[in-house]
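K.L.:
Requesting a structural model of the entry that follows:
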Amino acid sequence: MIPEIGQFALILALLLLAVQGTLPLVGASKGISAWMALSRRTAQGAFFFLALAFGCLVYSFIVNDFSVLNVANNSNTKLPLIYRISASWGSHEGSILVWVFMLGLWSCAVSIFSKHLPEEMVARVLGVMGLVSVGLLLFLLLTSNPFDRIFPVPAEGRDLNPLLQDPGMILHPPMLYMGYVGFSVAFAFAIAALLGGRLDATWARWSRPWTTLAWCFLTVGILIGSWWAYYELGWGGWWFWDPVENASLMPWLVGTALIHSLAVTEKRGTFKVWTVLLAICTFSLSLLGTFLVRSGVLTSVHAFATDPKRGMFILTFLAVVIGGSLALFAFRAPKVGTAGTFKILSRESALFANNVLLIVACGTVLLGTLYPLFLDALNLGKISVGPPYFEAVFVPLMVPMIFLMGVSAVTRWKEATLPDLWTRLRWAAVVTLIVAIVLPFILGRTSPKSVALLGLGFGMAFWIITSALAGFFDRAKYVEGSFGAKLTRQPRSFWGMFVAHIGVAVFIIGVTAVKGFEAERDVRMAPGDTVSVGGYTFRFEGTANRDGPNYHATRGTFELSKDGKTIRKLYPEKRMYFAHGMPMTEAAIDSGVFGDRYVSLGEPINDDKQSWSVRVYHKPFVTWIWAGCILMTLGGLLAMFDRRYRVSTRRDTGKPSLPSSDSVKLENA
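P.N.:
Okay, the predicted model is just below:
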């Protein structure tokens with residue numbers, strides 16, 4: 001009965017979304033207020049039914065209703081409750097339902113928190129989001145129904161993929177999807193602006209907080225995915241340039257360009273057409289990422305043969321959304337967009353150059369991800385594009401981008417001069433140069449390759465930090481009062497930028513330290529054996545068997561010590577899951593502010609000493625990689641809650657409130 005309720009709720013949601021995607025758009029073009037008013041009510045009603053359908057699916061997993069094919073394929077009576085809940089989005093069908101549910105959530109949020117916006121704009125935005133929802137919901141109902149029944153009903157399910165039975169994978173997919181789907185709001189605002197013929201700073205101000213929030217969700221999703229791969233896969237790596245990882249990195253790169261471009265459009269009235277194009281591209285890449293991960297094409301480009309309807313539907317949907325939006329852009333943008341004026345040496349130019357570098361970087365990732373698929377599809381052979389390619393083409397693009405990141409923090413809007421720029425950045429440049437030259441030798445590295453790697457990495461990080469500080473002190477000159485007043489009277493958008501940029505610097509320090517100082521040993525160890533790495537000693541004390549709820553584990557015990565003093569015990573495991581018969585490695589990590597000590601069990605070695613193959617690592621500052629991502633997210637949240645974006649009771653006419661004299665000075669700083 002519950003699955004039927006969920007199925008019926010999806011049909012009702014589809015009907016409401018069809019209304020949301022048609023009548024409000026027609027009403028906005030014809031000036032019919034009653035039709036435009038339907039956008040809010042239909043969005044909220046559709047979200048209710050989508051939430052009901054999702055709740056029905058989760059309930060089916062909780063009670064082990066194996067009459068539902070999705071549950072039978074992805075759950076098991078021995079599966080812990082928390083993983084039965086997360087299994088509801090662990091399958092293809094469930095993940096698409098979560099996608100549509102979250103799109104409904106974003107639409108509902110826009111309908112509630114946009115009462116200060118013009119009714120025409122809201123109607124167009126929610127109408128566009130309704131049309132996208134209709135396409136995805138049709139795909140769900142016609143090709144990937146999560147409530148399909150199976151008969152006869154199996155007595156037991158097949159269990160959830162062991163890789164997904166982990167706390168990190170409870171949070172990773174929802175955060176990632178919230179980011180993917182959140183960019184639909186920026187996309188909808190951009191299309192609404194094109195339809196309404198109003199490409200000005202106002203639509204950028206309206207869409208900017210929504211875009212920033214989506215970017216924050218995507219950042220957290222990528223962070224959790226990287227952290228999960230680091231400790232779960234047993235390889236000790238934090239990024240593998242895997243196509244699934246690249247699928248989330250591409251919209252993040254273009255989304256980063258988008259939030260900076262929106263800032264320029266809002267503050268200076270320039271980049272209008274470019275910003276719209278970025279909004280379209282960001283959401284298009286989000287759809288492409290979902291297609292790559294959920295279509296099976298990454299496993300095999302011939303996977304469509306198992307279900308050609310699913311593959312063709314996704315491709316058609318992508319063609320309609322991406323092709324239609326780009327066609328509208330090509331037709332409308334030249335008529336409604338106006339170019340702003342600025343000099344070649346200005347903050348606008350620096351930000352635009354950074355945007356271009358981000359787009360090119362995304363293009364290199366896209367090429368490396370899709371090129372092997374095209375070759376396979378044309379039966380020209382199979383190739384693997386791995387880290388050497390991405391490090392060779394992606395990393396060099398980041399160097400000028402980091403340089404421009406520091407420059408843009410202190411460059412004046414519209415026009416700057418080289419003497420003024422040098423005055424603002426000279427001490428930052430000197431400090432950066434000293435750090436890049438001296439620090440590698442202080443840290444004990446003398447080989448040219450190590451000195452170059454560490455000098456470049458630490459130099460870029462300190463360039464960001466010092467230029468951000470230079471930007472703050474330059475702005476502080478325009479605020480009267482004590483140092484505390486200079487701190488508190490800066491807008492949250494500035495502090496958001498400051499914290500996010502410091503997050504990038506912390507991230508670079510983490511990556512540089514890991515690359516330059518990590519140590520690894522692969523050894524055979526019997527009970528009583530020791531191995532030293534990075535100044536730490538691991539002593540193997542043996543193994544013991546233990547049973548989990550749905551797996552059997554061999555648990556190793558290692559004593560971690562330094563200079564003869566015991567730090568703690570580490571307990572890596574080798575698990576065998578009952579249903580799948582699939583072995584899994586669970587690493588044990590001693591994590592700290594200045595790095596990790598990491599040990600994982602390999603395979604048992606057949607000898608009379610009960611030996612195991614063991615992999616141990618010392619990874620200095622690896623935790624700074626994720627700390628940097630957290631700071632980037634906090635920076636985005638700070639910027640999102642700037643005073644300009646707080647919802648007021650008055651209706652937004654598109655005219656900004658009168659600024660204070662201090663804010664005028666700060667804007668022009």
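K.L.:
Phi and psi next, for Glu603.
P.N.:
The phi and psi torsions at Glu603 (degrees, to the nearest 10) take the values phi -120, psi 150.
K.L.:
Leaving aside the residues adjacent along the chain, what's closest to it?
P.N.:
Closest residue in space to Glu603, ignoring its immediate chain neighbours: Ser613 at 5.4 Å, by Cβ to Cβ, 6 or more residues apart in numbering. Backbone N, C-alpha and C define where each C-beta goes, glycine included.
K.L.:
repeat for Asp529
P.N.:
Nearest residue to Asp529 in three dimensions, chain neighbours excluded: Phe540, at 5.2 Å (Cβ to Cβ, 6+ apart).
K.L.:
Mind listing the strands the host helix or strand of that neighbour pairs with, and their directions?
P.N.:
In this assignment (DSSP states H and E), Phe540 forms part of strand 536-547. Looking at strand 536-547 with DSSP bridges, its partner strands are strand 530-533 (antiparallel), strand 551-562 (antiparallel).
K.L.:
And the contacts of that strand?
P.N.:
Surrounding strand 536-547, the residues in contact under the criterion Cβ atoms under 8 Å, 6 or more residues apart in numbering are 525-532, 552-562, 567, 570, 597, 599, 601, 610, 612, 614, 616, 618.
K.L.:
just the buried members of those?
P.N.:
By neighbour count, with 16 or more other Cβ atoms under 10 Å, the contacts of strand 536-547 hold 525, 529, 531, 553-558, 560-561, 570, 597, 599, 601, 612, 614, 616, 618 as buried.
K.L.:
circling back to that earlier point, could you give me the average pLDDT of the strand holding Phe540?
P.N.:
Per-region confidence: strand 536-547 scores 92 on mean pLDDT.
K.L.:
export that strand as CSV, just CAs?
P.N.:
Provided in CSV are the C-alpha atoms of strand 536-547 (Å, rounded to 0.1, in the frame of the first residue of the first chain):
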residue,chain,number,x,y,z
TYR,A,536,56.7,7.2,13.9
THR,A,537,56.9,3.5,14.7
PHE,A,538,54.0,1.0,14.0
ARG,A,539,54.2,-2.3,16.0
PHE,A,540,52.0,-5.1,14.7
GLU,A,541,50.4,-7.0,17.6
GLY,A,542,48.4,-9.5,15.6
THR,A,543,44.8,-10.0,14.4
ALA,A,544,41.5,-11.2,15.9
ASN,A,545,38.2,-12.1,14.3
ARG,A,546,35.0,-10.2,15.0
ASP,A,547,31.5,-10.1,13.5
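K.L.:
Can you give me the buried ones in it?
P.N.:
Of the residues in strand 536-547, those with enough neighbours to count as buried (16+ other Cβ under 10 Å) are Tyr536, Thr537, Phe538, Arg539, Phe540, Thr543.
K.L.:
so where is the stretch 201-350 of the chain shaky, pLDDT-wise?
P.N.:
Scanning the stretch 201-350 of the chain for pLDDT under 70 picks out the ranges 234, 295-308, 336-340.
K.L.:
which residues of it fall in helices?
P.N.:
Per DSSP state H, counting those that start in this stretch, the stretch 201-350 of the chain has helices spanning 201-232, 243-268, 272-294, 308-318, 324-336, 347-377. These are given in chain order.
K.L.:
and of the ones you listed, who's closest to Leu136?
P.N.:
Distances from Leu136 to each of these were compared using Cβ to Cβ; the minimum, 7.5 Å, belongs to helix 308-318.
K.L.:
what distance separates the closest one from the middle of the whole chain?
P.N.:
For helix 308-318, the distance between its averaged C-alpha position and the chain's averaged C-alpha position is 25 Å (Cα atoms, centre = their mean, to the nearest Å).
K.L.:
Can you work out which other helices and strands pack against that helix?
P.N.:
helix 119-143, helix 272-294 (3 or more Cβ pairs under 8 Å, 6 or more residues apart in numbering; DSSP states H and E).
K.L.:
Kindly reformat the ones you listed as JSON lines containing distance to Lys30.
P.N.:
JSON lines is the format used below for the helices and strands packed on helix 308-318 (distance: least, Cβ to Cβ, whole Å):
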{"stretch": "helix 119-143", "distance to Lys30": "11"}
{"stretch": "helix 272-294", "distance to Lys30": "24"}
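K.L.:
quick check: angle from the helix or strand where Val181 lies to helix 272-294?
P.N.:
Secondary-structure element containing Val181, defined by DSSP H and E: helix 167-196. Note on geometry: by axes from the mean of the first three to the mean of the last three Cα atoms, to 10 degrees, helix 167-196 and helix 272-294 are set 140 degrees apart in direction.
K.L.:
Between the strands paired with strand 536-547, which one is closest to Pro396.
P.N.:
The stretch from the strands paired with strand 536-547 with the least distance to Pro396 (Cβ to Cβ) is strand 530-533; that distance is 31.2 Å.
K.L.:
Averaged pLDDT, that closest one. What do you get?
P.N.:
Across strand 530-533, the average pLDDT comes to 93.
K.L.:
next one: that strand to chain centre, how far?
P.N.:
Distance of strand 530-533 from the chain centroid (Cα atoms, centre = their mean) equals 37 Å.
K.L.:
Residues contacting it, please?
P.N.:
519-521, 523, 525, 537-540, 614, 616-618.
K.L.:
nearest to Leu277, of those residues?
P.N.:
Sorting these by distance to Leu277 puts Tyr617 at the head of the list, at 43.3 Å, by Cβ to Cβ.
K.L.:
wait, isn't that closest one in contact with Gly236?
P.N.:
Yes: in terms of Cβ atoms under 8 Å, Tyr617 counts as a neighbour of Gly236; the distance is 4.6 Å.
K.L.:
circling back to that earlier point, now the strands paired with strand 536-547 as TSV including distance to Phe291?
P.N.:
Output for those, formatted as TSV (distance: least, Cβ to Cβ, whole Å):
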stretch	distance to Phe291
strand 530-533	42
strand 551-562	33
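K.L.:
For Tyr59, find the nearest of these.
P.N.:
Set against Tyr59 and scored by Cβ to Cβ, the strands paired with strand 536-547 come closest in strand 551-562, at 25.4 Å.
K.L.:
which residues touch the closest one?
P.N.:
162, 535-547, 566-578, 584, 586, 588, 590, 597, 599, 601, 604, 612, 614.
K.L.:
what does the average pLDDT come to for it?
P.N.:
Along strand 551-562, the predicted local confidence has a mean pLDDT of 93.
K.L.:
Same check on stretch 52-65?
P.N.:
Model confidence over stretch 52-65 averages 94 on the pLDDT scale.
K.L.:
can you check stretch 128-137 too?
P.N.:
Mean pLDDT, computed over stretch 128-137, is 94.
K.L.:
again, but for stretch 491-502
P.N.:
Per-region confidence: stretch 491-502 scores 90 on mean pLDDT.
K.L.:
for the residue most central in space within the chain, what are its contacts?
P.N.:
Centroid-nearest residue in the chain, with Cα atoms, centre = their mean: Leu218, separated by 2.6 Å. The contact partners of Leu218, taken as Cβ under 8 Å, 6+ apart, are Met175, Leu176, Met178, Gly179, Tyr180, Gly182, Phe183, Ser248, Pro251, Trp252, Gly255.
K.L.:
Quick check: the gap between Phe271 and Asn355.
P.N.:
Distance of Phe271 to Asn355, computed by Cβ to Cβ, to the nearest Å: 8 Å.
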